[in-house]
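In: build the 3D model from these lines:
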Amino acid sequence: MNRTGLFIALSLALVIGLVFGVYPELDLKLAALFYDPEARTFPLQQDWLASFARDGAMWIAWGLAAPAIGALVIKFIWPYRPLLMSGRAILFLLLTLTLSAGVLTNFTFKSYWGRPRPVLVQEFNGELPFVAWWDPRGECGHNCSFFSGEGATAFWTIAPAALTPPAWRPLAYAAATLFGLTTSVLRMAFGGHFFTDIAAAGLVSFVVIWLAHGYIYRWPRTRLSDEAIDSVVTRIAWPGYRLRQRLFGRKAGPAPQV
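Out: Model prediction:
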């Protein structure tokens, strides 16, 4: 998570944005690689193995987030116990996953950026006109193409890779990037997204992860500690714990001084 990585990501975003902005038909040409004009469909849509791989990729990503989710749930059940894993890791993983694969994708762009998916455009036997990545005025009503939610989730695996031991980190970054690319290309093969959709997903996820890692771990003015996060979660969870104890006729006692 250094400045070189950010520079590379922003440079890629600039190049891809400009090239596909000036020549938007490139998106159609890349999507056509997975389209069968005789059958008028994207063949991999009907392939059970490809569908299994798509679902499996999402299970892998959520499996990497599961320890952080589980540790937080256990803390809310028994707030007097310390977190079972690093508080900073929990915050970093869940914050980046929520922002990249949730808020920015599904609740922001995909809800208001009306770009139709490849399977919906006229060039691939659909009914809607194709629009470039930069144009939000497409005729898609909801759950639109720009940008890919599953791609963002797959590329989010860069976040747990950033927490691996330094000796393993380059390999972890490479594996996460390959996982994101493979999953995203599979979405293209299904006719679910254009290239610029998956490129935006990867670049947005990386920038979110880079900023969150800097805020939580690197920058002296904002750097957090595991103890401080544990204390905040304890204070948030304690009222609910006291209420449960009262419902069962037990005494919770005062909140611990963490």
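
In: which parts of stretch 121-141 are buried?
Out: By neighbour count with 16 or more other Cβ atoms under 10 Å, stretch 121-141 contains the buried residues 121, 124, 126, 128, 130-133, 138, 140. The C-beta positions use only the backbone N, C-alpha and C, and glycine is treated the same way.

In: can you show me the strands along this structure?
Out: Using DSSP state E, the strands of the chain do not appear at all; there are none.

In: by mean pLDDT, flag the weakest helix or strand of it.
Out: Lowest by mean pLDDT, DSSP states H and E among the helices and strands of the chain is helix 110-112, with a mean of 81.

In: what residues does it touch?
Out: With Cβ atoms under 8 Å, 6 or more residues apart in numbering as the test, helix 110-112 has contacts from 136, 142-147, 149.

In: now stretch 240-252
Out: The contact list for stretch 240-252, computed with Cβ under 8 Å, 6+ apart, reads 76-80, 238.

In: make JSON lines out of those and add pLDDT, neighbour count and distance to T153.
Out: Formatted as JSON lines, those follow (pLDDT from 0 to 100; neighbours: other Cβ atoms under 10 Å; distance: Cβ to Cβ, whole Å):
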{"residue": "F76", "pLDDT": "94", "neighbour count": "14", "distance to T153": "24"}
{"residue": "I77", "pLDDT": "93", "neighbour count": "12", "distance to T153": "27"}
{"residue": "W78", "pLDDT": "92", "neighbour count": "10", "distance to T153": "30"}
{"residue": "P79", "pLDDT": "92", "neighbour count": "24", "distance to T153": "30"}
{"residue": "Y80", "pLDDT": "89", "neighbour count": "14", "distance to T153": "34"}
{"residue": "W238", "pLDDT": "89", "neighbour count": "19", "distance to T153": "32"}
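
In: burial count for the closest residue to F206 other than its chain neighbours?
Out: Nearest residue to F206 in three dimensions, chain neighbours excluded: A9, at 4.8 Å (Cβ to Cβ, 6 or more residues apart in numbering). Using other Cβ atoms under 10 Å, A9 has 18 neighbouring residues.

In: correct me if wrong: A9 contacts V207.
Out: Yes: between A9 and V207 a contact is recorded at 6.3 Å, counting by Cβ atoms under 8 Å.

In: longest helix in this structure, by number of residues?
Out: Longest helix in the chain, counting residues (DSSP state H): helix 48-77.

In: ok, and for that one, which residues are buried?
Out: Buried positions in helix 48-77, judged by neighbour count with 16+ other Cβ under 10 Å: 54, 57, 61, 64-65, 68, 71-72, 75.
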